[in-house]
Structure formats: structure tokens, C-alpha cells
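[1] Give me coordinates for this.
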Amino acid sequence: MELLQVQNNLVIPEEQIITKSSSPFIETNTQEVSLFHLQKDCIIPVFSKDMECTIAHYEFINAVDDCVHTIFSGQRILKPEIRTSHVIKGRIPEAIGKPVKELTEQDKTIYYERMMFKIDVPSISETLNGNNLSLTIGGVRAYNQENLYSKKNYEKFKVFVGFKNRVCTNLCVSSDGIVEELRASSIDELKAKVMELLGAYEMQNHLNSLKLLSEYSLTEKQFAKFLGKCRMYNYLPKPEKRDIPQLMLNDRQISTVAKGYYEDENFARNEDDSISLWSMFNLLTEATKSSYIDSFLSRSLNSHELIQKLSYSMQNDTTFWYLN
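    Just a heads-up that it's a prediction; the model follows:
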């Protein structure tokens, strides 16, 4: 399995290992929570027609964590970093009718509609285009994408494996490193499918595709045309969109990319006003951090695919709508 074949070439000195991210991997409307909090303080939603429990957030995290420790046994694996949003608050039956000011903590219930986590493996790392990338595995759970008013059936999860850019905590994910709708009805089935994803991930191919991005650049004029076409994309007639690579970023995120071209500490324009595709990719992934949890991974993957198609068009001198 390729994951294991490349590990020995990617071990870095212990003193270079960063144990905690300097900034969150996703920002908008999220808060960091502990695994203990999810397990001890949060209730578990049920399917209303049969009262069967959903797979709890902490159970999902533990399942993926077990898979990571199995696949990467002997590597340095950090504790899960967890972020949540859309808190759902309630009361226990005994607190119905109590004035708000009289409620105790024991009277309150809480769970989070959306949750995302990542588990870093900093001992599997490589320097790429001047940036240090480390392996990361994680997942997303969004109860708003479940029909909790029905009977228990397959539940939906998102799982990914890729690399985290330590300079900015941007996530680099490719199509073979993500399952956007993993369906499972039990924890054992969930684990089996996570193991399948980790086994199929072609780590070295992913790194090679990212490395290639530093070899191509856009001029200021080309970059301006790219951003302009990005703004036009959402207003195109549907028939015209069919033959154009999809863009999932919104106008605000495109503006963030434009601002980063001038101001980003790590990925701004070069002295001649050109910008490498590697820097463009990181500006796009930085912009996706303003997404909600349930759309973050899709937009991160879309950024990777868009830049890869741009790279292919430059490498093979083919037409690319965003530049032509």
C-alpha cells in the first residue's frame, strides 16, 4: 500500500514538529471544543420514528482516530482538533416552565448540528515549494443533512486524508483523498470505509501534483482575468456552465483571493507582479476557511481541482475558460 511505502522517506526531526496549529483550519462561525466535552456534556440526537441513536460526534472521531493509529502505527499522531457550529440548545423535562434566570447547568441540554475535526500526523511530512506540509486525516458531520424525522438508516459522513500547510493551516485535499458522502449504519461499517479510503489514497501522486504548481505562474493581467471570470461564472446561463470547470467559491471569497494577491504574508504576488499556481492555490484554500463546516471540504476540493485543470492547460497549451 503506497501510504506505507513512502512513510520512511517523510520522517522529520522531532524538533521541527509543531504540536498545535497557530490558526484554526476553518474559521467562520466555529468554536474549538474538546472530545471530552462532546462525550460528557452533549446529548445525542435520535431518529424520531424509532428513537434509535445517531452515531455521536465523539464516536465518529474515535472511529477515525482508531483507523489512523492502525494504519500509521509507530508514527507521531496528535490528538484530534475539533471545531463545531450551530449549537442546538434545550432543557431537560424537569426544567420546562422554569424562568431563564433560574436555570442551572444541569437543566440545560446541548448538541452541535455541525462538527469538523482533523488528526495531524506530523512525523509524516515533506517540504514543498518552500512550505512544510504534514499529513492530516479528518472528517465532517452535519446533522442538518440527515432526516432525523425518519427511522434510522444509513448515516452520512465526510472523511478526508491529505496535507496541511503548516505555514497557514490550509488543507490540501485531492479527489482520491476524500469521500464527500460516506454512508454507514454502524461504527464498524464506518471504520471499514475509512480504512478503505486511507488504503486507496495515493500520497506521493498528490505531493507530486502539488509540487508541479510552483513551475507555472500567471502574469498580473492573467490573474486579473482569472478573477474576473470567477466573478462572471455564477451568472452564466446554465447551458454554458456545463462545459466549464465548476467554481464553488462565492464573491466574498473571490475578493479574499484578490486581497491576498497584494497582502498575504506568504502567498502574495512576486516582485514582477506574477503569481505562481502554488500561491494561487493557497489563496483559494485560505478563502475557503470562511465557509460553513458542511460546505468547507467541497470547496477545498474544488479549489484543488480548479488549479490542477489550470496547471494542465498551461502545461499542454490548451484552452481554459477562466483565462481565455
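
[2] So in terms of bridging, what pairs with residue 135?
    Beta bridges link residue 135 to residue 121, residue 163, judged by DSSP bridges.

[3] Distance of it relative to residue 234?
    Using CB to CB, to the nearest Å, residue 135 is found at 34 Å from residue 234. In this view, the C-beta of every residue, glycine as well, is placed from N, C-alpha and C.

[4] Neighbour count: those two, which is higher?
    residue 135 (25 against 13; other CB atoms under 10 Å).

[5] from what I can see the more buried one touches residue 121, true?
    Yes: the pair residue 135 / residue 121 is scored as a contact, 4.3 Å apart, by CB atoms under 8 Å.

[6] Show me the common contact partners of the two, please.
    residue 72 (CB atoms under 8 Å, 6 or more residues apart in numbering).

[7] quick one: residue 282 and residue 268 touch, right?
    No: at 10.4 Å, residue 282 does not count as touching residue 268 under the criterion of CB under 8 Å.

[8] Can you pick out the residue with more neighbours from the two?
    Using other CB under 10 Å as the criterion, residue 282 and residue 268 rank with residue 282 on top: 26 against 14.

[9] How is this structure partitioned into domains?
    Domains of the chain are assigned by automatic domain parsing as 2-202, 216-316.

[10] Make CSV from these and add distance to residue 323 to it.
    Formatted as CSV, the domains of the chain follow (distance: least, CB to CB, whole Å):
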stretch, distance to residue 323
domain 2-202, 21
domain 216-316, 6
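
[11] Now do the contacts for the residue lying closest to residue 31 once chain neighbours are set aside.
    Computed as CB to CB, 6 or more residues apart in numbering, the closest residue to residue 31 that is not its neighbour in sequence is residue 84, at 6.0 Å. Counting by CB under 8 Å, 6+ apart, residue 84 touches 30, 31, 33, 38, 57, 112, 114, 115, 116, 293.
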